[in-house]
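Colleague: here is the input, now give the coordinates:
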Amino acid sequence: MASTVEKPKKLTNRRRAFVKKTGKKLVRKIASFQSKQSVVPDTPKIENSYFPFLKDFTDNWETIQAEAKEVLKFREVIPGFQDISPDQYRLATENNWKTFVIFGFGQRLEKNATLTPKTADILEGVPNLQTAMFSILAPGYHIPAHKGVTKGILRSHIGLLIPKDREKCRIRVDETITAWKEGEIFVFDDTYEHEVWNDTDEERVILLFDFDRPMKFWGRVLNKSFLQIMKLTAFYQDPKKNLQTAEDRLEAAIRQADANMEAMSDPAG
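Modeller: Numbers count the residues shown, from 1 in each chain. Next up, the predicted model:
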């Protein structure tokens, strides 16, 4: 009986490996075209001046920080990155890198957004937003060097809760190293090799969000088509299902916490 269960699993793993390998080859072929179609520099980090909407984040970062603190009250049920996206098992181990997703695959996660309404509204102003999450990194954790999937998407980070010894909490993108700072935001191209260190004894929390790279017409057409194809694969479908489960678990935890508070405040209890 065990062998019949293992066989389909092996076939699935082989299929995923084949898709991943083929996908990487395809991505490399189209990356140069995307670079030529880009209307912002194809550099590891890109100046904030190209993205006027970033000002809403720096103007309201303390509001976003306050909502992040509310989310952290339910830290125990916030999933690890690998629980949402199993293909990221090499980058996230145990619960060292947790993610509270507010937007996934271009869609607002309404249950999660009830905890972060103002943050969600600010994110609505990002053109062609793909994904947004609070990224919570445990003390002493190192995310190994890796590369993103497509040059058609750019990534932004804004520091929310940063260790006091912030120079020891940093990200390397290509050859550029940046230490996060509360209220500061930057944009980078994650197809360049990047890695992260939190060499402190404090937790690091940032708001991470991805959006479409500004490109000329044919670049936008290619990017839209590529993303539609990717969304049909297990690399998108599995995280989508897992996000639903994570949302439901958090909703249940909030209800339980509210019930506990009511019981504690009930004089008859």
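
Colleague: could you give the number of residues near the residue nearest to Arg108 when sequence neighbours are not counted?
Modeller: Of all residues beyond its chain neighbours, the one nearest Arg108 is Ala120 (6.1 Å), with distances taken as C-beta to C-beta, 6 or more residues apart in numbering. In this view, the C-beta of every residue, glycine as well, is placed from N, C-alpha and C. When neighbours are counted by other C-beta atoms under 10 Å, Ala120 registers 19.

Colleague: again, but for Phe134
Modeller: Neighbour count of Phe134, defined by other C-beta under 10 Å: 25.

Colleague: who's in contact with it?
Modeller: Residues near Phe134 by C-beta atoms under 8 Å, 6 or more residues apart in numbering: 68, 71, 99-100, 102, 116, 160, 205-208.

Colleague: I'd assumed it was in a helix, is it?
Modeller: No: under DSSP: H, G, I helix; E, B strand; the rest coil, Phe134 sits outside any helix and is assigned strand.

Colleague: how about the secondary structure of the residue nearest to it when sequence neighbours are not counted?
Modeller: Spatial nearest neighbour of Phe134, excluding adjacent residues (C-beta to C-beta, 6+ apart): Phe100 at 4.2 Å. Look at Phe100: counting by three-state DSSP, its state is strand.

Colleague: likewise Glu195?
Modeller: Classified using three-state DSSP, Glu195 is strand.

Colleague: so it bridges to which residues?
Modeller: Arg172 (DSSP bridges).

Colleague: so where's the stretch 51-200 of the chain shaky on pLDDT?
Modeller: By pLDDT under 70, the weakly predicted segments of the stretch 51-200 of the chain are 82, 85-90, 92.

Colleague: which stretches in it count as helices?
Modeller: Per DSSP state H, counting those that start in this stretch, the stretch 51-200 of the chain carries helices over the ranges 55-59, 61-72, 81-84, 110-113, 117-123.

Colleague: need the contact partners of the longest one.
Modeller: With C-beta under 8 Å, 6+ apart as the contact definition, helix 61-72 has outside contacts at 57, 78, 100, 115-119, 122, 134, 136, 158-161, 182-183, 185, 205, 207.

Colleague: for the closest residue to Ile177 other than its chain neighbours, what are its contacts?
Modeller: The shortest distance from Ile177 to any non-neighbouring residue, by C-beta to C-beta, 6+ apart, is to Arg170 (5.5 Å). If you count contacts by C-beta under 8 Å, 6+ apart, Arg170 has them with 177-180, 196-197.

Colleague: what residues are up against the residue nearest to Arg108?
Modeller: Contacts of Ala120 (C-beta under 8 Å, 6+ apart): 102-103, 108, 113.

Colleague: what separates it from Leu109, distance-wise?
Modeller: According to C-beta to C-beta, to the nearest Å, Ala120 stands 9 Å off from Leu109.

Colleague: overlap of the contact sets of the two?
Modeller: What both Ala120 and Leu109 touch, as defined by C-beta under 8 Å, 6+ apart, is the set 102-103.

Colleague: helix, strand or coil: sort out Thr43 for me.
Modeller: Put simply, Thr43 is coil when judged by three-state DSSP.

Colleague: hmm, back to that, kindly compare burial across the helices of the stretch 51-200 of the chain and name the winner.
Modeller: Highest mean neighbour count among the helices of the stretch 51-200 of the chain (mean count of other C-beta atoms under 10 Å): helix 81-84, with a mean of 21.

Colleague: quick one: list the elements packing against that one.
Modeller: Here helix 81-84 touches strand 97-104, helix 234-265, going by 3 or more C-beta pairs under 8 Å, 6 or more residues apart in numbering; DSSP states H and E.

Colleague: list the contacts of the shortest one.
Modeller: With contacts defined as C-beta under 8 Å, 6+ apart, strand 97-104 is touched by 71, 75, 78-82, 84, 91, 108-109, 112-113, 116, 119-120, 123, 129-138, 141, 143, 209, 239-240, 243, 246.
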